[in-house]
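[1] Based on what follows, work out the 3D shape:
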Amino acid sequence: MSTIAHAIRVRGLEICPPLLQAPMAGLTHSALRQIVSGFGGAGLLSTEMLLASRLPTENPGISPYLVRTAREKPLSYQLLISGDMDVGPAVDKLHDLGADAIDLNMGCPDWSVGRSGAGFALMENPESARRLVMGARRRTDLPLTAKIRLGVGLDEPRLKDFCAMLEGEGIDMVSVHARLKKEPFARRPRWEWVARIKEWLRIPVIANGGIFTVEDAGDCLSVSGADGLMLGRGAVARPWLFADIAREVYGCDIAAPRVSLPLLYGTFTDLIKELFPPERRLGRLKEFTHHFARNYQFGHQLSSRIQGSRTMTQAEERSADFFKNNPECPGEKNT
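    Numbers count the residues shown, from 1 in each chain. I've put the predicted structure just below:
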């Protein structure tokens with residue numbers, strides 16, 4: 001199967017295979033992106049959501065949100081933005097940083113984000129969203145994308161109008177987290193609604209939510225008809241998931257990785273120490289461990305020990321003890 005047939009092309013950017021990394025606070029930083037890149041299969045990587053009002057003064061050499069390496073490419077930068085006045089300076093900064101694409105966060109349901117008028121609040125205020133898209137589109141020729149949810153409730157006319165507005169004002173691609181605002185991660189995503197959005201729009205539509213295995217990926221594509229997939233928590237626990245889906249669903253010529261979970265965890269820890277100042281390390285290790293631990297039958301023990309650690313040294317000692325006492329490593333095989 002040719003991978004070229006599955007490529008998404010947006011304003012000169014080729015996303016091939018059409019597998020995108022979901023932006024996730026505390027997780028989609030350089031350390032995780034490097035590990036994902038090492039396995040292959042990700043067509044577009046992502047930053048964490050970046051606060052647009054602070055972005056222009058961030059130092060990319062030391063900011064934990066902006067530090068990156070040359071191998072992390074192509075890379076989309078996601079903006080968390082609410083005010084019109086922040087659009088220009090933020091987009092200009094992303095040009096300086098060499099962004100390959102710019103994503104507008106319109107789906108984060110967190111109340112602290114919403115009270116500022118950002119994230120999902122933009123779906124509840126379409127005119128604010130329109131102004132932000134118009135402002136960004138005037139400022140950049142880079143691919144401009146948006147990440148949304150389905151809404152507060154299943155209101156098809158409202159959702160259709162919002163998506164049509166995004167396309168009409170210059171959004172090049174939409175990623176859809178296929179859940180409602182208050183629906184928990186435990187609820188099965190509504191992939192069939194992504195299929196509706198796909199029918200409404202001419203631009204590429206990406207399905208996000210509930211993809212933890214190759215089988216999930218195939219099911220999602222079958223139900224949604226999406227142009228591509230965005231992987232979030234599933235690819236934090238299993239950073240090689242991009243490669244597996246690229247190979248088994250899209251037919252990419254990527255070797256089946258041989259994964260050692262203890263080695264992978266150690267590599268992540270080393271990257272955290274290499275990339276971030278001491279005060280920024282432990283929090284990111286805890287965020288990663290929460291998801292990674294699900295690879296083990298007794299992973300809750302690893303997760304709880306790391307969450308209770310007060311220092312990186314303590315966390316490293318506890319993780320080493322866990323791996324020593326859990327020799328059965330489910331990842332030490334071709335996956």
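
[2] I'd guessed Ser303 sits against His290; true?
    Yes. Assessed by Cβ atoms under 8 Å, Ser303 is found in contact with His290 at 5.6 Å. Using the backbone N, CA and C atoms, a C-beta is placed for each residue, glycine as well.

[3] ranges for the strands of the stretch 151-300 of the chain?
    Along the stretch 151-300 of the chain, counting by DSSP state E, counting those that start in this stretch, strands occupy 173-177, 205-208, 228-231, 258-259.

[4] Next one, pLDDT for the residue sitting nearest the centre point of the chain please.
    Centroid-nearest residue in the chain, with Cα atoms, centre = their mean: Ala22, separated by 1.3 Å. At Ala22, the model reports a pLDDT of 98.

[5] Contact partners for the residue nearest to it when sequence neighbours are not counted?
    Distance criterion Cβ to Cβ, 6 or more residues apart in numbering; nearest residue to Ala22, sequence neighbours excluded, is Gly232 at 3.6 Å. For Gly232, the contacting residues are 22, 24, 208-209, 211, by Cβ atoms under 8 Å, 6 or more residues apart in numbering.

[6] Give me the distance between Thr289 and Arg305.
    The spacing between Thr289 and Arg305, counted by Cβ to Cβ, to the nearest Å, is 9 Å.

[7] Quickly list what's touching both of those two.
    Both Thr289 and Arg305 are in contact with Ser319, where contact means Cβ under 8 Å, 6+ apart.

[8] These two - which one has more neighbours?
    Thr289 (26 against 18; other Cβ atoms under 10 Å).

[9] ok, back up a step: if you compare the strands of the stretch 151-300 of the chain, which one is most tucked away?
    Here the criterion is mean neighbour count by mean count of other Cβ atoms under 10 Å, and of these the winner is strand 173-177, at a mean of 27.

[10] Please name the bridge partners of Leu79.
    Beta-bridge partners for Leu79, by DSSP bridges, are Leu50, Leu104.

[11] any idea how far it lies from Lys324?
    When distance is defined by Cβ to Cβ, Leu79 is 43 Å away from Lys324.

[12] Counting neighbours around each, name which of these two comes out higher.
    Neighbours were counted for Leu79 and for Lys324 using other Cβ under 10 Å; Leu79 has more, 26 against 9.

[13] Who are the contact partners of that one?
    Counting by Cβ under 8 Å, 6+ apart, Leu79 touches 49-50, 52, 55, 90, 94, 102-105.

[14] Please apply the same query to Tyr265.
    Neighbour list for Tyr265: 289, 292, 319, 323 [criterion: Cβ under 8 Å, 6+ apart].

[15] mind redoing it with 7 Å?
    Counting by Cβ atoms under 7 Å, 6 or more residues apart in numbering, Tyr265 makes contact with 292, 319.

[16] how's this protein carved up into domains?
    Residue ranges for the domains of the chain, per automatic domain parsing: 4-248, 258-334.

[17] Buried deepest among these, which one?
    Of these, the one with the most neighbours on average (mean count of other Cβ under 10 Å) is domain 4-248, at a mean of 19.

[18] Flag the shaky bits of the stretch 151-300 of the chain, pLDDT-wise.
    Along the stretch 151-300 of the chain, no part satisfies pLDDT under 70.

[19] What are the boundaries of the helices in it?
    Applying DSSP state H, counting those that start in this stretch to the stretch 151-300 of the chain gives helices spanning 156-168, 191-200, 214-224, 234-237, 241-248, 261-275, 278-292, 299-307.

[20] how far out from the middle of the chain is the shortest one?
    In terms of Cα atoms, centre = their mean, to the nearest Å, the centre of helix 234-237 is set 10 Å apart from its chain centre.

[21] Check the second one too.
    A distance of 20 Å separates the centroid of the chain from that of helix 191-200, by Cα atoms, centre = their mean.

[22] tilt between it and strand 173-177?
    Note on geometry: by axes from the mean of the first three to the mean of the last three Cα atoms, to 10 degrees, helix 191-200 and strand 173-177 are set 160 degrees apart in direction.

[23] what's the angle from helix 191-200 to helix 156-168?
    Computed by the same axes, to 10 degrees, the angle separating helix 191-200 from helix 156-168 equals 50 degrees.

[24] Report the inter-axis angle for helix 191-200 versus helix 214-224.
    Going by the same axes, to 10 degrees, helix 191-200 makes 50 degrees with helix 214-224.
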